[in-house]
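>>> 3D, please:
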Amino acid sequence: MQTNLNRDKPEFRSGFTLIEVLVVIAIIGTLLALLLPAVQAVREAARRTQCRNNLKQFGLALHQYHESHATMPPGYLFGGPIPVSAAPLNLRPSSPSSYMFDGWPPPPPVPPPQDPGWSWITMLLPHLGQTGLYRQIDLNLPVRSPVNAGKVMQPLPLATCPSDSGFGVFTVLRMDGSTLTDANTTSYVAVFGKYGLINVNPDDGNGAFQRNSRVRSQDIRDGLSQTIVVGERAALFTKAPWAGVMTTGTVRTTPGAPVFTSTIEESPCMALARIGSRTLNDRFSEPYDFFSAHDGQVFFLLADGSVRPIGTGINLEILHSLATRSGGEVVKNDF
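So this is what the prediction gives:
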């Protein structure tokens, strides 16, 4: 009689049980949860470095422009290109009360012309490795001219903060909501000063840039290392063309921006912003304020070419003193 010698041996199965698979998945999920914030932090650190480098390149370009023209470029051009030989403007300080609010006096019912409107960024293109693009632009024609449509829609990498999720081509709207034209965004804007009526009086700021301004380094009497000249205004907060100002166009709070209010401002705010009654990244910020895509800080270019991160909790009085070119304020070095 044949005996089955294997009948009492247990059966062995390959693979994992359901409980083992679930344990492995839980362990992997825990590791990913621990690793993801670290990866995001590394990526954001890299983006901040790139943003800082963008502003550094703007600083080098500003100094090169100043060496060539004995002045910094205008905030934006009005009435055509300004000859290098033209006499400096009378950059007189206004009374303090005229700088308190940007909504008074109210803008005129029909927006005044701001043409041709080319911004300080456009004027720096030859010093930013964009000579080819600069030569294609007709500075005598408005930014909004159909002839320049293809140029103003081109992306400008140095004008985009990599943390800014709102960058790209957008539609510029008139006050009534109708379409004016399309343009590409910028994450950076020039400093008009402390307060100031950008909408109705863009020629009369107390900072480094105004309409048709020709500010020289010697005009910045507060000190080059104590005066901010360019800062972040992310497109995720407010979309504006890098190319400049467009007559009848508006600057609007971007839908979904991390603020509590939605505001429409006049076209001069496309190229200019100022330090007003709110600090940086304030939840009630308006399009003429500075606003960063980075949590807790905003990067600024100073007149000496250095770039500094300024914390969003900085004292407003210190911000005001940094924004003026010759206000005579004392700035703390630890800002």
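>>> name the SS class of the closest residue to Gln57 other than its chain neighbours, please.
With sequence-adjacent residues excluded and distances taken as C-beta to C-beta, 6 or more residues apart in numbering, Gln57 is closest to Leu158, at 5.5 Å. Yep, even glycine has a C-beta here, placed from its N, CA and C like the rest. Under DSSP: H, G, I helix; E, B strand; the rest coil, Leu158 falls in the helix class.
>>> look up how far Thr131 lies from Leu158.
Distance from Leu158 to Thr131, counting by C-beta to C-beta, to the nearest Å: 14 Å.
>>> list the contacts of the residue nearest to Gln57.
By C-beta atoms under 8 Å, 6 or more residues apart in numbering, the contact list for Leu158 reads 54, 57-58, 128.
>>> reformat these as CSV; add distance to Gly305 and neighbour count.
Below are the contacts of Leu158 laid out as CSV (distance: C-beta to C-beta, whole Å; neighbours: other C-beta atoms under 10 Å):
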residue, distance to Gly305, neighbour count
Asn54, 13, 25
Gln57, 10, 19
Phe58, 9, 24
Leu128, 14, 20
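>>> give me the subset of those residues lying in strands.
The members of the contacts of Leu158 all map outside strands under DSSP state E.
>>> pipe these into a markdown table and attach pLDDT and distance to Met270 per row.
Below are these laid out as a markdown table (pLDDT from 0 to 100; distance: C-beta to C-beta, whole Å):
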| residue | pLDDT | distance to Met270 |
| --- | --- | --- |
| Asn54 | 98 | 19 |
| Gln57 | 98 | 21 |
| Phe58 | 98 | 17 |
| Leu128 | 96 | 19 |
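>>> of those, which pair is most distant in space?
Of all pairs drawn from the contacts of Leu158, the widest gap by C-beta to C-beta lies between Asn54 and Leu128 and measures 9.9 Å.
>>> please enumerate the helices of this protein.
Here the chain has its helices, by DSSP state H, at 18-69, 120-124, 131-136, 149-152, 316-323.
>>> with Ala234 as the reference, name the closest of these.
Closest among the helices of the chain, using C-beta to C-beta: helix 18-69, at 9.8 Å.
>>> contact partners for the closest residue to Glu329 other than its chain neighbours?
With C-beta to C-beta, 6+ apart as the criterion, Glu329 has its nearest non-adjacent residue at 3.3 Å, and that residue is Ser321. Neighbouring residues of Ser321 by C-beta under 8 Å, 6+ apart: 194, 222, 226, 327, 329-331.
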